[in-house]
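> Everything below, folded, please.
(chains A and B)
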Amino acid sequence: LTAWTAMLTAYAQTGHLDLARKFFDSMPKKSTISWNAMISAYTQNGHLREAQELFEKMPDKNMVSWNAMITGYTQHGHMEEAREMFHRTPYRDLVSWNALLSGFSQSGLITEARKLFDRIPNPDVISWTTMVTAFASWGQLDEARDVFDRMPVRNLVSWNAMISGYSQNARGHEALQLYRTMDVEGVRPNEITFVGVVDACTAIGSLPLSRVIHAHIGDSSLSWDVTVGNAVVTMYAKCGSLHGAELVFSSMVRKDTITWNAMLAAYAQFSCHAGAVHVFHAMHVEGVPPDQVTFTIMLAVSSHSGECKTGLTYFWSARLDFGLPYRADHYRCMVDLLGRAGYIRDAKDLVQSMPFEPD
RNA sequence: ACUUACAUUCAAGUU
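Numbers count the residues shown, from 1 in each chain, chains lettered A, B, ... in the order given. Have a look, this model is predicted:
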């Protein structure tokens, strides 16, 4: 039964929800854990309706079942439903509190988060770190730092949250300073720490510093993770070295869609239309699937280089060849592209055909 | 084997 449930989770995590459900239905015996796994499979893929249905049908709900539903709602911005579940659960534990807290954080309800935090009976390191993230991700770095300093216990995630918070808010020097403190206190960094440090340099924008940081993480005994490589590609580009970005990019053995997007963005930043087009084709040859970001970059590149026809080709290709839904920025690029080429009427028609409200 | 905290890629306009 444990093996079956593990299989179910594996299907869900690779996006094969339908297979997961078939698997679940065909299981000769089901435990509460398998029901919970199926509910999480639904919530993690945004199918809250189905999750709720299953939750209501399941015979023996436990604490994890209730928490999975709270989390499902918070992670998709349905705070009212999450709140209701939180109040109705007969098994409220620290996970329930933390899940709701994280929901307030993600929705930008910082005041609510703060109030909830004060009511948590025995906040743990996750509760505290969630508060650090809540403040940091809404730009309140000094509040975040205050929470960080007052935490009774810090773990690696707490350090990473604070370091990345600084980096994401263009406070690279403070990020690096905190990284040094972390080192002094003997906390071992991981890949996520390195990404935060690399991003700090990206924010500072200094090429000499980026070489130092590159050497530092290159010397580390930790093997290079694809996300660290991706961050380094961007760091070199943002620090003004397209060549550095290219060198790192080609040295990376493992590349994902983000790696390719980072390289495309580097060419776009340097107005190197030919480079971007070349990488886009190479991506296709290597069989790496483009995503919505890939097309945002390619549309912007086409617009800036006046390649109206090419841009239109990308626009249609995104949906017809790759089944990607359009985001608002794809339309923005297209309006820009058509407008620059003088097709004001078509730009206007496109705006009127959009599935969202124009901003 | 199931639930909670951290990370990498992103458009236009203005300057």
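> Every contact and neighbour count from this point should use C-alpha atoms.
Noted.
> of all the residues in the stretch 251-359 of chain A, which ones are close to RNA strand B?
A:257-259, A:261-265, A:268-269, A:292-294, A:296-297, A:300, A:304, A:329, A:332-333, A:336 (CA under 7 Å from any atom of the strand).
> Can you select the buried ones among these for me in PyMOL?
Buried residues among those (16 or more other CA atoms under 10 Å), as a PyMOL selection:
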select buried, chain A and resi 258+259+261+262+263+264+265+268+269+292+293+294+296+297+300+304+329+332+333+336
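> What segments of chain A are strands?
Applying DSSP state E to chain A gives no strands.
> mind showing which ranges of it have poor pLDDT?
A:219-223 (pLDDT under 70).
> buried ones in stretch A:112-127?
Applying a neighbour-count criterion of 16+ other CA under 10 Å, one finds A:113-114, A:117, A:123-127 buried in stretch A:112-127.
> now that stretch, how far from the centre of its chain.
Counting by CA atoms, centre = their mean, to the nearest Å, stretch A:112-127 is centred 24 Å from the centre of its parent chain.
> ok, and what's touching it?
Under the contact criterion CA atoms under 8 Å, 6 or more residues apart in numbering, stretch A:112-127 has outside partners A:94, A:97-98, A:101-102, A:104-105, A:131, A:134, A:151, A:153-155, A:158.
> before we move on, what about stretch A:315-322?
Taking CA under 8 Å, 6+ apart as the rule, stretch A:315-322 contacts A:290, A:292, A:295, A:299, A:324-326, A:330, A:334.
> how far is it from where the chain is centred?
Computed by CA atoms, centre = their mean, the separation of stretch A:315-322 from the middle of its chain amounts to 23 Å.
> and what of stretch A:344-352?
32 Å.
> Okay, buried residues for that stretch please.
A:347, A:351.
> Only C-alpha atoms, please: export it in CSV.
The C-alpha trace of stretch A:344-352 is given here as CSV (Å, rounded to 0.1, in the frame of the first residue of the first chain):
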residue,chain,number,x,y,z
ILE,A,344,-2.4,50.8,-35.1
ARG,A,345,-5.8,49.3,-36.1
ASP,A,346,-4.5,45.8,-35.6
ALA,A,347,-3.1,46.7,-32.2
LYS,A,348,-6.4,48.1,-31.2
ASP,A,349,-8.2,45.0,-32.4
LEU,A,350,-5.8,42.8,-30.5
VAL,A,351,-6.5,44.7,-27.3
GLN,A,352,-10.2,44.3,-27.8
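> Of the contacts of stretch A:315-322, which count as buried by neighbour count?
Looking at the contacts of stretch A:315-322 with 16+ other CA under 10 Å, the buried ones turn out to be A:290, A:292, A:295, A:299, A:326, A:330, A:334.
> quick one: the fourth one from A:V248, how far?
Using CA to CA, to the nearest Å, we find A:L299 at a distance of 25 Å from A:V248.
> just the last one next, same as before
A:M334 sits at a distance of 32 Å from A:V248 (criterion: CA to CA).
> Please apply the same query to the fifth one.
Distance, A:Y326 to A:V248, by CA to CA: 31 Å.
> For A:V95, give me its contacts.
A:V95 makes contacts with A:N67, as judged by CA under 8 Å, 6+ apart.
> Same question for A:A136.
A:143-144, A:162, A:165-166.
> Save those residues as TSV, and put in neighbour count and distance to A:T313 too.
Listed next are these as TSV, based on neighbours: other CA atoms under 10 Å; distance: CA to CA, whole Å:
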residue	neighbour count	distance to A:T313
A:E143	15	47
A:A144	26	45
A:M162	28	43
A:G165	29	38
A:Y166	30	40
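> if we take these, which one ends up nearest to A:H243?
Proximity of those to A:H243 (CA to CA) peaks at A:Y166, which lies at 27.2 Å.
> Apart from its chain neighbours, what residue comes closest to that closest one?
Excluding the flanking residues, the one nearest A:Y166 by CA to CA, 6 or more residues apart in numbering is A:A175, at 5.2 Å.
> that older thread, nearest to RNA strand B, of the buried residues of stretch A:112-127?
Nearest to RNA strand B among these: A:I126, at 3.7 Å, using CA to the nearest atom of the strand.
> Can you tell me how far the closest one is from A:G172?
From A:I126 to A:G172 the distance is 25 Å (CA to CA).
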